[in-house]
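Asks: Attaching a predicted model along with its sequence, questions to come.
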Amino acid sequence: MSPTRLLAGVHADRPLSLAEHEDLHGASPPAGPGLVDEVDRAGLRGRGGAGFPTAVKLRAVAAQRGPRTILVNGAEGEPMSAKDRVLLQSAPHLVLDGAMAAATAVGARSVVIAIPEDAAGTRAALRGAIGERAASRRVRIADAPGAYLAGEESALIRRLGGGPLKPTVVPPRPFERGLGRRPTLVQNPETLAHMALIHRHGAEWFRQVGAPDHPGSALVTVAGAGGRDGVLEIACGATLASVLELAGGAREPLRAVLVGGFHGVWIAGDQTAAVTLDDAGLSRHGGSLGAGVIVALGASACPIQELARTMDWLAGQSAGQCGPCSNGLPALAALVADMADGNAPAHAPHQLERWSGDLLGRGACHLPDGAVRFLRSGLRVFAGELSDHVHNGPCRACREAPTLTFSRPEWSVAA
Amino acid sequence: MSGHLRVDPIACTGHGLCAELFPEWIELDDWGYPIIERGPVPQELLVHARRAAEACPKLALAIRIEAGRP
(Lines give C-alpha, C1' and ligand atoms only; values in the text may rest on other atoms or scores of the structure.)
Protein backbone atom coordinates (compact mmCIF):
# COMPACT_ATOMS: atom_id res chain seq x y z
CA MET A 1 0.00 0.00 0.00
CA SER A 2 1.37 3.34 -0.99
CA PRO A 3 0.55 6.30 1.27
CA THR A 4 -1.02 9.36 -0.30
CA ARG A 5 -0.28 12.36 1.79
CA LEU A 6 1.59 14.90 -0.30
CA LEU A 7 0.13 13.64 -3.55
CA ALA A 8 -3.42 13.18 -2.23
CA GLY A 9 -6.03 14.18 -4.80
CA VAL A 10 -3.59 15.74 -7.26
CA HIS A 11 -4.48 16.22 -10.92
CA ALA A 12 -2.23 15.09 -13.75
CA ASP A 13 -2.62 18.29 -15.73
CA ARG A 14 -3.09 21.19 -13.33
CA PRO A 15 -2.32 22.25 -9.75
CA LEU A 16 -4.79 21.88 -6.92
CA SER A 17 -6.55 25.20 -6.39
CA LEU A 18 -6.60 26.77 -2.92
CA ALA A 19 -10.22 25.67 -2.45
CA GLU A 20 -9.46 22.09 -3.51
CA HIS A 21 -6.37 22.07 -1.31
CA GLU A 22 -8.34 23.22 1.75
CA ASP A 23 -11.11 20.71 1.02
CA LEU A 24 -8.52 17.92 1.03
CA HIS A 25 -6.31 18.98 3.93
CA GLY A 26 -8.31 21.58 5.85
CA ALA A 27 -7.14 25.15 6.32
CA SER A 28 -3.68 25.68 7.78
CA PRO A 29 -4.03 26.47 11.50
CA PRO A 30 -2.23 29.54 12.92
CA ALA A 31 1.44 28.74 13.46
CA GLY A 32 3.65 29.49 16.41
CA PRO A 33 6.99 28.49 17.91
CA GLY A 34 5.39 25.21 19.11
CA LEU A 35 5.68 23.89 15.58
CA VAL A 36 9.41 23.35 16.09
CA ASP A 37 8.83 20.87 18.92
CA GLU A 38 6.14 19.10 16.92
CA VAL A 39 8.51 18.72 13.95
CA ASP A 40 11.15 17.42 16.38
CA ARG A 41 8.77 14.80 17.79
CA ALA A 42 7.75 13.84 14.26
CA GLY A 43 11.41 13.10 13.46
CA LEU A 44 11.22 14.89 10.13
CA ARG A 45 14.48 15.00 8.19
CA GLY A 46 15.26 17.09 5.14
CA ARG A 47 14.20 15.54 1.84
CA GLY A 48 16.68 17.40 -0.34
CA GLY A 49 19.52 14.91 -0.05
CA ALA A 50 21.47 15.39 3.16
CA GLY A 51 18.69 14.21 5.50
CA PHE A 52 19.48 16.77 8.19
CA PRO A 53 16.97 16.90 11.11
CA THR A 54 14.56 19.70 10.25
CA ALA A 55 13.90 20.79 13.84
CA VAL A 56 17.62 21.41 14.44
CA LYS A 57 17.72 23.77 11.45
CA LEU A 58 14.54 25.54 12.57
CA ARG A 59 15.98 26.11 16.06
CA ALA A 60 19.30 27.34 14.68
CA VAL A 61 17.60 30.00 12.55
CA ALA A 62 15.11 30.96 15.28
CA ALA A 63 18.01 31.62 17.66
CA GLN A 64 19.61 34.23 15.36
CA ARG A 65 19.10 37.97 15.66
CA GLY A 66 17.67 40.33 13.07
CA PRO A 67 15.47 39.71 10.02
CA ARG A 68 15.47 36.08 8.88
CA THR A 69 14.65 34.54 5.51
CA ILE A 70 13.24 31.25 4.25
CA LEU A 71 14.83 29.84 1.11
CA VAL A 72 12.83 27.03 -0.47
CA ASN A 73 15.47 25.14 -2.43
CA GLY A 74 13.52 23.74 -5.36
CA ALA A 75 16.51 23.89 -7.70
CA GLU A 76 16.44 20.10 -7.94
CA GLY A 77 20.01 19.84 -9.22
CA GLU A 78 19.86 16.03 -9.53
CA PRO A 79 19.14 15.64 -13.25
CA MET A 80 17.07 12.48 -12.81
CA SER A 81 14.99 13.86 -9.95
CA ALA A 82 11.58 15.36 -10.72
CA LYS A 83 9.79 15.05 -7.38
CA ASP A 84 10.11 18.65 -6.22
CA ARG A 85 8.90 20.04 -9.53
CA VAL A 86 6.03 17.55 -9.60
CA LEU A 87 5.10 18.49 -6.03
CA LEU A 88 5.26 22.25 -6.70
CA GLN A 89 3.31 21.79 -9.89
CA SER A 90 0.54 19.62 -8.43
CA ALA A 91 0.24 20.72 -4.79
CA PRO A 92 1.83 24.19 -4.56
CA HIS A 93 -0.31 25.24 -1.59
CA LEU A 94 1.09 22.45 0.55
CA VAL A 95 4.61 23.80 0.04
CA LEU A 96 3.45 27.38 0.59
CA ASP A 97 1.62 26.38 3.81
CA GLY A 98 4.82 24.75 5.06
CA ALA A 99 6.94 27.75 4.12
CA MET A 100 4.55 30.16 5.85
CA ALA A 101 4.33 28.01 8.99
CA ALA A 102 8.14 27.72 9.06
CA ALA A 103 8.44 31.49 8.59
CA THR A 104 6.20 32.11 11.60
CA ALA A 105 8.00 29.49 13.68
CA VAL A 106 11.48 30.99 13.09
CA GLY A 107 10.41 34.64 12.79
CA ALA A 108 11.21 35.11 9.09
CA ARG A 109 9.64 37.94 7.11
CA SER A 110 10.43 36.90 3.57
CA VAL A 111 10.22 33.68 1.60
CA VAL A 112 12.22 33.02 -1.58
CA ILE A 113 11.35 29.97 -3.66
CA ALA A 114 14.11 28.92 -6.05
CA ILE A 115 13.03 26.78 -9.00
CA PRO A 116 14.89 25.74 -12.17
CA GLU A 117 14.88 28.63 -14.64
CA ASP A 118 13.54 26.36 -17.40
CA ALA A 119 10.66 24.96 -15.31
CA ALA A 120 7.86 27.01 -16.91
CA GLY A 121 5.07 24.75 -15.63
CA THR A 122 6.35 24.92 -12.07
CA ARG A 123 6.61 28.70 -12.22
CA ALA A 124 3.07 29.05 -13.58
CA ALA A 125 1.63 26.77 -10.89
CA LEU A 126 3.49 28.61 -8.14
CA ARG A 127 2.55 32.07 -9.45
CA GLY A 128 -1.09 31.06 -9.63
CA ALA A 129 -1.02 29.64 -6.11
CA ILE A 130 0.68 32.71 -4.63
CA GLY A 131 -1.95 34.88 -6.37
CA GLU A 132 -4.76 32.91 -4.73
CA ARG A 133 -3.52 33.59 -1.21
CA ALA A 134 -3.74 36.67 0.99
CA ALA A 135 -0.27 38.23 0.91
CA SER A 136 0.81 37.84 4.52
CA ARG A 137 4.52 37.87 3.73
CA ARG A 138 6.83 38.74 0.92
CA VAL A 139 7.04 35.66 -1.30
CA ARG A 140 9.31 35.76 -4.32
CA ILE A 141 10.12 33.19 -7.01
CA ALA A 142 13.81 33.08 -7.99
CA ASP A 143 15.57 31.41 -10.91
CA ALA A 144 18.05 28.64 -10.20
CA PRO A 145 20.37 27.57 -13.04
CA GLY A 146 19.79 24.07 -14.39
CA ALA A 147 23.05 22.70 -12.98
CA TYR A 148 24.00 20.02 -10.49
CA LEU A 149 25.53 22.51 -8.07
CA ALA A 150 22.30 24.54 -7.95
CA GLY A 151 21.10 22.08 -5.32
CA GLU A 152 24.11 22.89 -3.11
CA GLU A 153 22.82 25.52 -0.71
CA SER A 154 25.89 27.73 -0.39
CA ALA A 155 26.35 27.82 -4.18
CA LEU A 156 22.66 28.64 -4.71
CA ILE A 157 22.75 31.41 -2.11
CA ARG A 158 25.84 32.91 -3.74
CA ARG A 159 24.18 32.80 -7.15
CA LEU A 160 20.91 34.31 -5.92
CA GLY A 161 23.01 37.13 -4.43
CA GLY A 162 24.36 37.92 -7.90
CA GLY A 163 27.55 35.84 -7.68
CA PRO A 164 28.68 32.71 -9.49
CA LEU A 165 27.08 29.29 -8.87
CA LYS A 166 29.98 28.16 -6.69
CA PRO A 167 29.98 26.81 -3.15
CA THR A 168 31.50 28.83 -0.33
CA VAL A 169 33.58 27.64 2.57
CA VAL A 170 31.50 27.05 5.71
CA PRO A 171 31.23 28.39 8.36
CA PRO A 172 29.42 30.73 8.23
CA ARG A 173 26.53 28.41 7.40
CA PRO A 174 23.31 29.75 5.85
CA PHE A 175 21.52 29.74 9.20
CA GLU A 176 24.09 32.29 10.38
CA ARG A 177 24.57 34.27 7.17
CA GLY A 178 22.66 33.29 4.07
CA LEU A 179 20.53 35.09 1.53
CA GLY A 180 21.16 38.85 1.65
CA ARG A 181 23.60 38.04 4.51
CA ARG A 182 20.58 37.26 6.68
CA PRO A 183 20.08 34.12 8.77
CA THR A 184 18.39 31.78 6.29
CA LEU A 185 16.40 28.61 6.72
CA VAL A 186 17.07 26.52 3.62
CA GLN A 187 14.51 23.76 3.10
CA ASN A 188 13.56 21.50 0.29
CA PRO A 189 9.94 21.86 -1.01
CA GLU A 190 9.00 18.31 0.01
CA THR A 191 10.28 18.87 3.55
CA LEU A 192 8.07 21.96 3.87
CA ALA A 193 5.06 20.08 2.52
CA HIS A 194 5.53 17.42 5.22
CA MET A 195 5.83 20.24 7.75
CA ALA A 196 2.51 21.66 6.56
CA LEU A 197 0.83 18.33 7.33
CA ILE A 198 2.63 17.84 10.67
CA HIS A 199 1.37 21.32 11.56
CA ARG A 200 -2.21 20.19 10.85
CA HIS A 201 -2.20 16.62 12.13
CA GLY A 202 0.70 16.39 14.61
CA ALA A 203 3.79 14.27 15.11
CA GLU A 204 2.00 11.04 15.98
CA TRP A 205 -0.01 11.14 12.79
CA PHE A 206 3.21 11.67 10.81
CA ARG A 207 4.78 8.62 12.45
CA GLN A 208 1.87 6.33 11.53
CA VAL A 209 3.60 5.82 8.19
CA GLY A 210 7.24 4.88 7.69
CA ALA A 211 9.93 3.32 9.86
CA PRO A 212 10.45 4.26 13.53
CA ASP A 213 13.90 5.71 12.84
CA HIS A 214 12.87 7.17 9.48
CA PRO A 215 9.23 8.17 9.81
CA GLY A 216 6.79 9.49 7.26
CA SER A 217 6.30 9.14 3.55
CA ALA A 218 8.72 10.27 0.86
CA LEU A 219 8.53 11.27 -2.76
CA VAL A 220 10.77 9.31 -5.10
CA THR A 221 11.51 9.54 -8.79
CA VAL A 222 11.70 6.11 -10.44
CA ALA A 223 13.39 5.70 -13.82
CA GLY A 224 15.20 3.23 -16.02
CA ALA A 225 14.16 -0.39 -16.44
CA GLY A 226 12.07 -0.28 -13.25
CA GLY A 227 8.68 0.30 -14.88
CA ARG A 228 7.01 3.59 -15.72
CA ASP A 229 9.18 6.66 -15.21
CA GLY A 230 7.67 9.06 -12.75
CA VAL A 231 7.19 10.36 -9.23
CA LEU A 232 5.69 8.18 -6.50
CA GLU A 233 4.93 8.62 -2.83
CA ILE A 234 6.23 5.74 -0.73
CA ALA A 235 6.42 4.86 2.95
CA CYS A 236 9.98 5.26 4.24
CA GLY A 237 11.18 1.77 5.04
CA ALA A 238 9.37 0.13 2.10
CA THR A 239 11.47 -2.46 0.31
CA LEU A 240 13.14 -1.41 -2.90
CA ALA A 241 11.39 -4.30 -4.68
CA SER A 242 7.95 -3.10 -3.57
CA VAL A 243 8.65 0.40 -4.86
CA LEU A 244 9.77 -0.92 -8.25
CA GLU A 245 6.61 -3.02 -8.29
CA LEU A 246 4.56 0.08 -7.49
CA ALA A 247 6.12 1.77 -10.51
CA GLY A 248 4.75 -0.98 -12.73
CA GLY A 249 7.35 -3.71 -12.32
CA ALA A 250 10.71 -4.19 -13.99
CA ARG A 251 10.71 -4.53 -17.77
CA GLU A 252 13.60 -7.00 -17.69
CA PRO A 253 15.74 -8.77 -15.08
CA LEU A 254 17.64 -6.09 -13.17
CA ARG A 255 21.41 -5.98 -12.89
CA ALA A 256 21.33 -3.28 -10.19
CA VAL A 257 19.44 -0.27 -8.92
CA LEU A 258 20.96 3.14 -8.17
CA VAL A 259 19.39 4.65 -5.05
CA GLY A 260 20.00 8.30 -4.14
CA GLY A 261 21.02 9.70 -7.51
CA PHE A 262 24.56 10.49 -8.61
CA HIS A 263 25.66 10.75 -4.98
CA GLY A 264 23.97 7.46 -4.25
CA VAL A 265 24.83 3.78 -4.09
CA TRP A 266 24.19 0.74 -6.25
CA ILE A 267 22.13 -2.17 -4.97
CA ALA A 268 22.54 -5.49 -6.80
CA GLY A 269 19.42 -6.58 -8.68
CA ASP A 270 18.98 -9.73 -6.55
CA GLN A 271 19.00 -7.65 -3.34
CA THR A 272 15.98 -5.43 -3.98
CA ALA A 273 13.61 -7.46 -1.80
CA ALA A 274 16.08 -7.35 1.11
CA VAL A 275 16.84 -3.61 1.03
CA THR A 276 14.52 -1.16 2.78
CA LEU A 277 14.40 2.47 1.72
CA ASP A 278 15.25 4.11 5.03
CA ASP A 279 18.40 5.26 6.81
CA ALA A 280 18.93 1.90 8.53
CA GLY A 281 18.47 -0.18 5.40
CA LEU A 282 20.51 2.00 3.08
CA SER A 283 23.36 2.86 5.46
CA ARG A 284 24.32 -0.83 5.36
CA HIS A 285 25.11 -0.20 1.70
CA GLY A 286 26.89 3.06 2.46
CA GLY A 287 24.03 5.20 1.18
CA SER A 288 20.81 7.01 2.01
CA LEU A 289 17.56 7.78 0.24
CA GLY A 290 19.04 11.17 -0.66
CA ALA A 291 16.68 13.13 -2.86
CA GLY A 292 14.82 9.90 -3.71
CA VAL A 293 16.16 9.12 -7.18
CA ILE A 294 15.80 5.41 -7.99
CA VAL A 295 17.19 4.21 -11.33
CA ALA A 296 16.93 0.56 -12.33
CA LEU A 297 19.63 -0.83 -14.58
CA GLY A 298 18.51 -3.75 -16.71
CA ALA A 299 20.61 -6.90 -17.18
CA SER A 300 21.08 -5.91 -20.84
CA ALA A 301 22.89 -2.68 -19.92
CA CYS A 302 26.63 -2.27 -19.34
CA PRO A 303 27.21 -0.96 -15.82
CA ILE A 304 30.83 -0.06 -16.52
CA GLN A 305 29.79 2.22 -19.36
CA GLU A 306 27.30 3.86 -16.97
CA LEU A 307 30.03 4.39 -14.36
CA ALA A 308 32.43 5.87 -16.90
CA ARG A 309 29.86 8.25 -18.40
CA THR A 310 28.61 9.40 -15.02
CA MET A 311 32.10 10.00 -13.62
CA ASP A 312 32.88 12.07 -16.69
CA TRP A 313 29.70 14.08 -16.18
CA LEU A 314 30.35 14.55 -12.44
CA ALA A 315 33.89 15.77 -13.17
CA GLY A 316 32.30 18.39 -15.43
CA GLN A 317 30.07 19.59 -12.58
CA SER A 318 33.00 20.68 -10.42
CA ALA A 319 32.99 24.42 -9.77
CA GLY A 320 36.76 24.29 -10.30
CA GLN A 321 37.46 26.00 -6.98
CA CYS A 322 39.12 23.27 -4.94
CA GLY A 323 42.29 21.59 -6.22
CA PRO A 324 41.47 18.06 -5.05
CA CYS A 325 38.08 18.13 -6.81
CA SER A 326 39.05 19.94 -10.02
CA ASN A 327 42.10 17.69 -10.50
CA GLY A 328 40.95 14.49 -8.82
CA LEU A 329 37.54 14.02 -10.42
CA PRO A 330 38.77 14.35 -14.04
CA ALA A 331 41.67 12.01 -13.23
CA LEU A 332 39.30 9.43 -11.74
CA ALA A 333 36.94 9.78 -14.70
CA ALA A 334 39.78 9.30 -17.20
CA LEU A 335 41.01 6.23 -15.35
CA VAL A 336 37.54 4.65 -15.29
CA ALA A 337 37.14 5.41 -19.00
CA ASP A 338 40.47 3.73 -19.74
CA MET A 339 39.44 0.71 -17.68
CA ALA A 340 36.12 0.51 -19.51
CA ASP A 341 37.97 0.57 -22.84
CA GLY A 342 40.54 -2.01 -21.77
CA ASN A 343 43.34 0.58 -22.07
CA ALA A 344 44.25 0.97 -18.41
CA PRO A 345 47.67 0.17 -16.94
CA ALA A 346 47.97 -2.81 -14.58
CA HIS A 347 48.06 -0.63 -11.48
CA ALA A 348 44.78 1.15 -12.41
CA PRO A 349 42.58 -0.49 -9.75
CA HIS A 350 45.11 0.40 -7.06
CA GLN A 351 45.36 3.95 -8.39
CA LEU A 352 41.57 4.24 -8.42
CA GLU A 353 41.35 3.18 -4.79
CA ARG A 354 44.11 5.55 -3.68
CA TRP A 355 42.77 8.59 -5.54
CA SER A 356 39.21 7.92 -4.30
CA GLY A 357 40.41 7.77 -0.70
CA ASP A 358 42.53 10.90 -1.12
CA LEU A 359 39.53 12.94 -2.32
CA LEU A 360 37.23 12.30 0.63
CA GLY A 361 36.38 15.32 2.75
CA ARG A 362 38.68 17.67 0.86
CA GLY A 363 36.23 19.86 -1.04
CA ALA A 364 34.38 22.95 0.16
CA CYS A 365 31.19 21.08 -0.76
CA HIS A 366 30.32 17.38 -0.94
CA LEU A 367 30.55 16.94 -4.71
CA PRO A 368 33.80 14.95 -4.54
CA ASP A 369 32.55 12.86 -1.59
CA GLY A 370 29.34 12.00 -3.41
CA ALA A 371 31.16 11.12 -6.62
CA VAL A 372 33.51 8.81 -4.71
CA ARG A 373 30.58 7.14 -2.93
CA PHE A 374 28.86 6.51 -6.29
CA LEU A 375 32.06 5.18 -7.86
CA ARG A 376 33.16 2.94 -4.99
CA SER A 377 29.73 1.38 -4.67
CA GLY A 378 29.73 0.68 -8.41
CA LEU A 379 33.19 -0.86 -8.24
CA ARG A 380 31.95 -3.22 -5.50
CA VAL A 381 28.72 -4.28 -7.18
CA PHE A 382 30.19 -4.50 -10.71
CA ALA A 383 33.62 -5.95 -9.83
CA GLY A 384 33.17 -8.85 -12.27
CA GLU A 385 32.19 -6.64 -15.21
CA LEU A 386 35.00 -4.21 -14.42
CA SER A 387 37.62 -6.95 -14.47
CA ASP A 388 36.17 -8.20 -17.77
CA HIS A 389 36.48 -4.73 -19.33
CA VAL A 390 40.00 -4.19 -18.02
CA HIS A 391 41.15 -7.44 -19.62
CA ASN A 392 38.95 -7.72 -22.70
CA GLY A 393 37.91 -4.16 -23.55
CA PRO A 394 34.35 -2.99 -24.31
CA CYS A 395 31.54 -5.52 -24.11
CA ARG A 396 28.61 -5.88 -26.51
CA ALA A 397 26.27 -3.99 -24.18
CA CYS A 398 28.63 -0.97 -24.21
CA ARG A 399 27.00 0.02 -27.50
CA GLU A 400 23.46 0.03 -26.09
CA ALA A 401 21.72 3.30 -25.22
CA PRO A 402 22.64 4.37 -21.66
CA THR A 403 20.16 4.32 -18.79
CA LEU A 404 21.52 7.18 -16.67
CA THR A 405 20.74 10.57 -18.19
CA PHE A 406 22.00 14.03 -17.39
CA SER A 407 19.24 16.18 -18.86
CA ARG A 408 15.95 16.94 -17.15
CA PRO A 409 13.03 14.93 -18.46
CA GLU A 410 9.47 16.24 -18.13
CA TRP A 411 8.06 13.73 -15.67
CA SER A 412 4.76 13.61 -13.90
CA VAL A 413 3.03 11.61 -11.21
CA ALA A 414 3.34 7.89 -12.00
CA ALA A 415 0.48 6.41 -10.02
CA MET B 1 47.37 22.46 24.71
CA SER B 2 46.78 21.18 21.19
CA GLY B 3 45.70 22.60 17.85
CA HIS B 4 43.67 21.71 14.81
CA LEU B 5 44.95 22.46 11.34
CA ARG B 6 42.39 23.25 8.68
CA VAL B 7 42.89 24.19 5.07
CA ASP B 8 40.46 26.39 3.16
CA PRO B 9 40.22 24.27 -0.01
CA ILE B 10 39.01 27.20 -2.14
CA ALA B 11 41.83 29.54 -1.11
CA CYS B 12 44.53 26.85 -1.39
CA THR B 13 46.36 26.88 -4.72
CA GLY B 14 48.75 24.06 -3.95
CA HIS B 15 52.02 25.93 -3.32
CA GLY B 16 53.00 23.06 -1.06
CA LEU B 17 55.08 25.03 1.44
CA CYS B 18 53.04 23.60 4.30
CA ALA B 19 54.04 20.02 3.51
CA GLU B 20 57.67 21.06 3.26
CA LEU B 21 57.56 22.75 6.66
CA PHE B 22 55.42 20.19 8.46
CA PRO B 23 55.85 16.79 6.79
CA GLU B 24 54.94 14.99 10.03
CA TRP B 25 51.35 16.15 9.59
CA ILE B 26 50.87 17.24 5.96
CA GLU B 27 51.51 15.36 2.74
CA LEU B 28 50.70 16.39 -0.81
CA ASP B 29 48.37 14.53 -3.13
CA ASP B 30 49.34 13.72 -6.73
CA TRP B 31 48.38 17.26 -7.78
CA GLY B 32 50.27 19.08 -5.06
CA TYR B 33 47.40 19.84 -2.70
CA PRO B 34 47.78 19.17 1.02
CA ILE B 35 46.30 16.17 2.78
CA ILE B 36 46.23 16.98 6.48
CA GLU B 37 46.36 14.36 9.20
CA ARG B 38 43.09 14.22 11.12
CA GLY B 39 42.95 14.85 14.84
CA PRO B 40 44.67 17.36 17.09
CA VAL B 41 48.28 18.39 16.57
CA PRO B 42 50.14 17.55 19.82
CA GLN B 43 51.82 20.34 21.74
CA GLU B 44 55.38 19.35 20.84
CA LEU B 45 54.59 19.76 17.13
CA LEU B 46 52.61 23.00 17.40
CA VAL B 47 55.61 25.13 16.56
CA HIS B 48 55.85 23.42 13.15
CA ALA B 49 52.10 23.75 12.60
CA ARG B 50 52.31 27.48 13.29
CA ARG B 51 55.24 27.91 10.95
CA ALA B 52 53.37 26.07 8.18
CA ALA B 53 50.26 28.21 8.65
CA GLU B 54 52.26 31.44 8.63
CA ALA B 55 54.19 30.45 5.51
CA CYS B 56 51.10 29.85 3.35
CA PRO B 57 51.14 32.51 0.62
CA LYS B 58 47.33 32.29 0.30
CA LEU B 59 46.66 32.32 4.06
CA ALA B 60 44.68 29.14 3.39
CA LEU B 61 45.98 27.20 6.36
CA ALA B 62 44.52 28.00 9.76
CA ILE B 63 45.35 26.64 13.16
CA ARG B 64 42.85 26.61 15.99
CA ILE B 65 44.43 26.27 19.40
CA GLU B 66 42.58 24.47 22.14
CA ALA B 67 43.68 24.94 25.71
CA GLY B 68 43.30 22.22 28.29
CA ARG B 69 42.47 18.83 26.89
CA PRO B 70 45.27 17.15 24.97
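Replies: Arrived safely, thanks for sending.

Asks: Can you report how many residues lie near residue A:177?
Replies: 17 (other C-beta atoms under 10 Å in any protein chain shown). C-betas here are computed from N, CA, C, even on glycine.

Asks: For it, list the residues it contacts.
Replies: If you count contacts by C-beta atoms under 8 Å, 6 or more residues apart in numbering or on different chains, residue A:177 has them with A:183-184.

Asks: again, 10 Å this time
Replies: By C-beta atoms under 10 Å, 6 or more residues apart in numbering or on different chains, the contact set of residue A:177 is A:64, A:157, A:168, A:170-171, A:183-184.

Asks: Also residue B:37?
Replies: Contacts of residue B:37 (C-beta under 10 Å, 6+ apart): B:5, B:22, B:24-27, B:45.

Asks: Tell me which two in those residues are the farthest apart.
Replies: B:27 and B:45 (14.7 Å; C-beta to C-beta).

Asks: Could you give the backbone dihedrals for residue A:267?
Replies: The phi and psi values for residue A:267, taken as degrees, to the nearest 10, are phi -110, psi 130.

Asks: next one: residue A:352
Replies: Dihedral angles (degrees, to the nearest 10) for residue A:352: phi -60, psi -40.

Asks: isn't residue A:84 right up against residue A:219?
Replies: Yes. Judged on C-beta atoms under 10 Å, residue A:84 makes contact with residue A:219 at a distance of 7.8 Å.

Asks: Which one of those two is surrounded by more residues?
Replies: Neighbours per residue, other C-beta under 10 Å: of residue A:84 and residue A:219, the larger number sits with residue A:84, 32 against 26.

Asks: got a list of what that one touches?
Replies: A:47-48, A:72-76, A:78, A:95, A:115-116, A:119, A:122, A:151, A:188-191, A:193, A:219, A:221, A:231, A:291-292.

Asks: re the thing from before, check the contacts of residue B:37 against chain A, which are close?
Replies: Among these, the residues that sit close to chain A (C-beta under 10 Å from any C-beta of the partner chain) are residue B:27.

Asks: re earlier: common neighbours of residue A:84 and residue A:219, please.
Replies: Common neighbours of residue A:84 and residue A:219, counting by C-beta under 10 Å, 6+ apart, are A:47, A:188-190, A:193, A:231, A:291-292.

Asks: Quick check: of the residues you listed, which has the highest neighbour count?
Replies: Most neighbours among the shared contacts of residue A:84 and residue A:219, by other C-beta under 10 Å: residue A:189, with 33 neighbours.

Asks: circling back: mind checking which of the shared contacts of residue A:84 and residue A:219 are in helices?
Replies: A:189-190, A:193 (DSSP state H).

Asks: residue contacts, residue A:366?
Replies: Residues in contact with residue A:366 (C-beta under 10 Å, 6+ apart) are A:49-50, A:152, A:167, A:263, A:360, A:372-373.

Asks: and what of residue B:52?
Replies: So residue B:52 contacts B:5, B:17-23, B:25-26, B:34, B:36, B:41, B:61, B:63 (C-beta under 10 Å, 6+ apart).

Asks: redo that, cut-off 8 Å
Replies: Residue B:52 is in contact with B:5, B:17-18, B:21-22, B:25-26, B:61, counting by C-beta under 8 Å, 6+ apart.

Asks: Can you tell me which of those residues has the most neighbours?
Replies: If you count neighbours using other C-beta under 10 Å, the busiest of these is residue B:18, which has 27 neighbours.

Asks: Wait, it touches residue B:35, no?
Replies: No. Residue B:18 lies out of contact with residue B:35 (C-beta atoms under 8 Å); the separation is 10.5 Å.

Asks: can you list residues touching both of these two?
Replies: Here residue B:18 and residue B:35 have residue B:26 as joint contacts, going by C-beta under 8 Å, 6+ apart.

Asks: Show me which residues of the stretch 301-415 of chain A are close to chain B?
Replies: Applying C-beta under 8 Å from any C-beta of the partner chain, one finds that the stretch 301-415 of chain A approaches chain B through A:321-325, A:327-328, A:331, A:355, A:358, A:362-364.

Asks: Need these in JSON lines (columns: neighbour count, secondary structure and pLDDT).
Replies: Shown next, in JSON lines, are those (neighbours: other C-beta atoms under 10 Å in any protein chain shown; DSSP: H, G, I helix; E, B strand; the rest coil; pLDDT from 0 to 100):
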{"residue": "A:321", "neighbour count": "20", "secondary structure": "coil", "pLDDT": "96"}
{"residue": "A:322", "neighbour count": "27", "secondary structure": "coil", "pLDDT": "97"}
{"residue": "A:323", "neighbour count": "21", "secondary structure": "helix", "pLDDT": "97"}
{"residue": "A:324", "neighbour count": "26", "secondary structure": "helix", "pLDDT": "97"}
{"residue": "A:325", "neighbour count": "27", "secondary structure": "helix", "pLDDT": "97"}
{"residue": "A:327", "neighbour count": "21", "secondary structure": "helix", "pLDDT": "97"}
{"residue": "A:328", "neighbour count": "26", "secondary structure": "helix", "pLDDT": "97"}
{"residue": "A:331", "neighbour count": "16", "secondary structure": "helix", "pLDDT": "97"}
{"residue": "A:355", "neighbour count": "21", "secondary structure": "helix", "pLDDT": "96"}
{"residue": "A:358", "neighbour count": "20", "secondary structure": "helix", "pLDDT": "95"}
{"residue": "A:362", "neighbour count": "21", "secondary structure": "coil", "pLDDT": "95"}
{"residue": "A:363", "neighbour count": "25", "secondary structure": "coil", "pLDDT": "95"}
{"residue": "A:364", "neighbour count": "22", "secondary structure": "coil", "pLDDT": "94"}
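
Asks: and the longest helix along chain B, what's its mean pLDDT?
Replies: For chain B, the longest helix by residue count, based on DSSP H, is helix B:46-55. Mean pLDDT, helix B:46-55: 95.
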